[in-house]
Each structure stands twice: as structure tokens, then as C-alpha cells.
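Colleague: Coordinates for the following, if possible.
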Amino acid sequence: MSSLEFKWLDDFISLKELGNFSAAATARHVTQSAFSRRIQALELWVGVPLFDRTSYPIKLTEDGEKFVPYVEKMLQLIRETNNDFSQASLRTDNSVRVVCLHSFALNLLPNLFNKAGKMLEGLNFSLTPSIQGIDNHFQALLDNACDAIFVYDTQGMRPSYILEDKVERMLVSTTRIIPVIAPELRKNISHYQPMPYLAYSKQTFLYGVVNSVVEENKFRFEQVFETTLSESLIKMAINGAGIAWAPTHAIKEELEKGILIPAFPREKKFEIPLDIVCYRSRESKREAVNLFWSTIKTISQ
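Modeller: Alright, predicted model coming up:
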């Protein structure tokens, strides 16, 4: 028998409340096929069918109804345990735990901290540059396992409607995702040949943002590389491997030095404006988090 994964319990509650695989999968920020496999894995672990798939909306079986109080107790215990021990991970009451994308950790957050100056003096920051399973990070906010999340304001990185009234959102800045290329490569590529294209992998949030633009002009590009990291695409572009779409906040220095140049400076249709937002739990009571939030709000205006 496979081991129980805690996320299956949240999946179970989501499907119970929504009664629809598609809606529940959207709420859990996974594909419907992946969500269905997770429900099946939970049913295999329990040993009985939990949902009647012949009804619409989908309903619990008799065994599924009996399983509900067990799930609720397990989730409550998990969250209480996480909350108790997450407090032990705080070095001081002045700690602020931030989760963000890698490019934000390298560029955006250091710039914000520098701009804030003494306004954040005395705070101790723990920065985790990873966004994997965005629903888990929003749940971490509610469980007090982290204090703030910085993400792009795209559909795949927003809280589900089940959670959206439990978190507070703040606009931090607006960036542009622009196509850039090394000057030497730009000079040597004919207008009549497709450009080598450095792509985001499909599991990244920027893939959907950039791919729609690329698909509309597919005849102009030929993919030669893909990765999950903006930093890797930027480095490959600097090395002359191809054209890459990169956030302007991550390539400010490269553009100023001319190491990278806009690939289509006269064609604004290739530029993608994108808001950067920060979330926190509405239940957050810690003064350190309140100070951090108010400071970021002040310097972002």
C-alpha cells in the first residue's frame, strides 16, 4: 500500500464541497487528470470508493460520508502541529518568512529592501526562493508557516476562490516580460530565417504568459532550449544561444550595459506587462509582519 499524502486530504474536502472534478482541480491548482489520480490514490489507500461518480454533482458514497470526520480531524491535527512547531522556527518575534520566485529573490526583493532602508531595521528575514504548488504556499500563509508570498499576478498564481477572502493582496510593482537577444546574434540573423528561441518549460507560470505571444508568431521562432528558470534563459541569451523573454527587473543591468538588447524594439506586441503582487493572511497578528507589509506598501506607492 502506498503512503498517504496529506494533500490528498485537502483534495478530498475540495471535491466534497465543489462536487465537480474540473472545479476542484482548478481550486487545487492542478490539472484535472492529476487531481483525478490523487483522488484514486486516496481511495486505494482507504480501500473503498469515496465518491459516486455517476451522480451530478458528484456525491460522497456511504463510506465517503463516514470518512469525512476522520479527514477533518487529521487536517486539524496537521495544522495545529504545523502552527505549533512553525513558531519554534522563528528566531525572534521580529522574523518575517517570505516565499518568492527565484528571479524575485535575486533582484526584486533586494531592491525593495534597499529602498526601504532603515524602515525595516530590526527585522530578521527568511527568504525561500521557490514557488512549487502555489496552493500549498497559500495554505502555508493560513497555517502561519510563512508570512508573505511574492508572485506574478497571473491566473495560475492566484489563490483559489475558496481561499481568496482569507488572504490580503497588495500590488508591489509592474514589470514587463520582453524579448531580448545578444547584439552579435541580432546582427547575424537574417530577417528571413527563424530565430533560435529559448523557452520556459511548460510547468512554469511564465510559459503560458509567453507562449501565447510566441504561438501567434511561430513562423519567426525555432525552439532550441527550455528551462524552468528565468536566470538560465538570461544567461543563455547573453551567450548568444537565442532569443529569450525575460522580466525587465531581472535584466536591468544587462540592458544598461548593452549585453542584451530588445529583440524587437519597434514591435510592442511582443512585450507583456505583468503585475507583481504580495499576499499575506488576513489573520496575521504579528507586529513584524505588519511593519513589513506597511513598509512595502509605502515604498510601492
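Colleague: Going by C-alpha atoms from here, please, whenever you check contacts or count neighbours.
Modeller: OK.
Colleague: Partner strands of the longest strand seen in the chain and their direction?
Modeller: When the chain is parsed with DSSP state E, its longest strand is strand 167-181. Strand pairing for strand 167-181, determined by DSSP bridges: strand 243-247 (antiparallel), strand 261-262 (antiparallel), strand 272-281 (antiparallel).
Colleague: can you pull the buried residues of it?
Modeller: 167, 169, 171-173, 175, 177-181 (16 or more other Cα atoms under 10 Å).
Colleague: got it, and stretch 143-159?
Modeller: Residues of stretch 143-159 classed as buried: 143-152, 156-159 (neighbour count, 16+ other Cα under 10 Å).
Colleague: Format those residues as JSON lines; extra columns: distance to Thr227, pLDDT and secondary structure.
Modeller: Shown next, in JSON lines, are the buried residues of stretch 143-159 (distance: Cα to Cα, whole Å; pLDDT from 0 to 100; DSSP: H, G, I helix; E, B strand; the rest coil):
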{"residue": "Asp143", "distance to Thr227": "32", "pLDDT": "78", "secondary structure": "coil"}
{"residue": "Asn144", "distance to Thr227": "32", "pLDDT": "81", "secondary structure": "coil"}
{"residue": "Ala145", "distance to Thr227": "29", "pLDDT": "81", "secondary structure": "coil"}
{"residue": "Cys146", "distance to Thr227": "27", "pLDDT": "88", "secondary structure": "coil"}
{"residue": "Asp147", "distance to Thr227": "29", "pLDDT": "93", "secondary structure": "coil"}
{"residue": "Ala148", "distance to Thr227": "26", "pLDDT": "95", "secondary structure": "strand"}
{"residue": "Ile149", "distance to Thr227": "23", "pLDDT": "94", "secondary structure": "strand"}
{"residue": "Phe150", "distance to Thr227": "21", "pLDDT": "94", "secondary structure": "strand"}
{"residue": "Val151", "distance to Thr227": "19", "pLDDT": "91", "secondary structure": "strand"}
{"residue": "Tyr152", "distance to Thr227": "18", "pLDDT": "91", "secondary structure": "strand"}
{"residue": "Gly156", "distance to Thr227": "18", "pLDDT": "73", "secondary structure": "helix"}
{"residue": "Met157", "distance to Thr227": "19", "pLDDT": "79", "secondary structure": "helix"}
{"residue": "Arg158", "distance to Thr227": "22", "pLDDT": "80", "secondary structure": "coil"}
{"residue": "Pro159", "distance to Thr227": "25", "pLDDT": "80", "secondary structure": "coil"}
